[in-house]
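Enquirer: Just a sequence and a predicted model for now, questions to come.
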Amino acid sequence: MGILEESAHELLDEAEAFAVNAGVEVPSKEVESGPSIHKAILTYIEEHDIDLVVVGTHGRTGSDRYLLGSVTDYLVRTSPIPVLTVRAPESDT
């Protein structure tokens, strides 16, 4: 397992722990890679019984806050199921 994949698994484990502590059941989590991330996600949706996709945004401020990352934007526009976008809370610094 490469360093990027390890980091992705660690991030998912942290997100799962956060969700569980908030009382949210996490039915699945998956690390996928490939030349087209949004296509990999859409393929995963089609091959599994997925009800909701949760993806992060860049968390920018000002006029940039209305822009999503390209993967998130593509998923919001093309996903056959609901896509929930989230961003990290603004830091107090």
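Expert: Received the coordinates, thanks. Note that the coordinates shown come from a computational prediction; the quantities given were computed from them, not determined experimentally.
Enquirer: Domain parsing of this structure, as residue ranges.
Expert: 1-31, 32-93 (automatic domain parsing).
Enquirer: Out of the ones you listed, which is the most enclosed?
Expert: domain 32-93 (a mean of 13; mean count of other C-beta atoms under 10 Å). For glycine as for every other residue, the C-beta is placed from the backbone atoms N, C-alpha and C.
Enquirer: so for that one, what's the average pLDDT?
Expert: Across domain 32-93, pLDDT averages out at 79.
Enquirer: So Val55 belongs to a strand, correct?
Expert: Yes. Applying DSSP: H, G, I helix; E, B strand; the rest coil, one finds Val55 inside a strand.
Enquirer: what's the spacing between it and Gly2?
Expert: 22 Å (C-beta to C-beta, to the nearest Å).
Enquirer: just Glu30 next, same as before
Expert: Taken as C-beta to C-beta, the span from Glu30 to Gly2 is 16 Å.
Enquirer: now do Val86
Expert: For Val86 relative to Gly2 (C-beta to C-beta), the value is 26 Å.
Enquirer: One more: Asp49?
Expert: 29 Å.
Enquirer: On the three-state scheme, Glu46 is what?
Expert: At Glu46, secondary structure determined by three-state DSSP is helix.
Enquirer: list the contacts for it?
Expert: Under the criterion of C-beta atoms under 8 Å, 6 or more residues apart in numbering, the contact list for Glu46 reads Pro80.
Enquirer: cool, and Val86?
Expert: Val86 neighbours (C-beta under 8 Å, 6+ apart): 54-57.
Enquirer: Now those in CSV, please, with extra columns for distance to Leu42.
Expert: Putting the contacts of Val86 into CSV (distance: C-beta to C-beta, whole Å) gives the following:
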residue, distance to Leu42
Val54, 15
Val55, 12
Gly56, 17
Thr57, 18
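Enquirer: what two of those have the greatest distance between them?
Expert: Val54 and Thr57 (11.1 Å; C-beta to C-beta).
Enquirer: Quick check: neighbours shared by the two?
Expert: 85-86.
Enquirer: from the contacts of Val86, which is closest to Ala17?
Expert: Using C-beta to C-beta, the contacts of Val86 come closest to Ala17 at Val54, 15.0 Å.
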